[in-house]
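[1] Next input, structure requested:
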Amino acid sequence: MPILWMLALLACLAIAVIADASSPDPGKFVGQIRPSGSAELRIHYRRIDHARFRIYHWVFDGVPLHCPQGREVSRLSVDGKEKARNRFADHQPFGYTVSEGSSGHPTYATKVRGRLVTRNKARGVVRVHGSSVRLRGGGHGNCDSGRLWTIRR
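    This next block holds a predicted model:
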């Protein structure tokens, strides 16, 4: 009987280690949004009400845009934060959409959607669009980015 207890305990420990092994280490992922932008994702963990949460914090700067007047760069950075229970975080994407104006035709909207591909690599989409997107050189434009990003440690 003690041997069965030891085997059961070892099996539970192995499952716990394997289940937690997929969690990425806390830290920073960095990359580029070609031709002019940069992408950064930070991951850290926090225990809230006896549960472990993974917290994603992203910042996209210099997002390139397609506008009627030609190629431009967004003046504002796209940043946000989201938390998810760590035990479910590997199987669900992170990110959200924020918009100003009507939902059908926003004056300014950002959308971030990403997921971890591996423990050291994330991939997703950042989209900046609207009829009045603020441009780096000044002014506003009816622009859209629709940019894919991939970042690594």
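[2] nearest residue to Leu65 other than its sequence neighbours?
    Closest residue in space to Leu65, ignoring its immediate chain neighbours: Cys143 at 4.0 Å, by C-beta to C-beta, 6 or more residues apart in numbering. Bear in mind the C-beta positions are built from the backbone N, C-alpha and C, glycine included.
[3] let me redo that: Arg34
    The shortest distance from Arg34 to any non-neighbouring residue, by C-beta to C-beta, 6+ apart, is to Pro64 (7.4 Å).
[4] Looks like that neighbour contacts Gly146 (just checking).
    No - counting by C-beta atoms under 8 Å, Gly146 is not a contact partner of Pro64; they are 9.8 Å apart.
[5] Now name the helix or strand holding Pro24.
    Of the helices and strands defined by DSSP states H and E, none includes Pro24.
[6] Next SSE downstream of the helix or strand of the chain with the lowest mean pLDDT?
    When each helix and strand of the chain is scored by mean pLDDT, DSSP states H and E, helix 2-21 comes last, with a mean of 53. Using DSSP H and E, the helix or strand that directly follows helix 2-21 along the chain is strand 27-33.
[7] can you pull the buried residues of that following strand?
    29, 31, 33 (16 or more other C-beta atoms under 10 Å).
[8] And the residues you listed, which is closest to Tyr56?
    Using C-beta to C-beta, Phe29 comes nearest to Tyr56 of these, at 10.0 Å.
[9] Kind regards, and thank you for your time.
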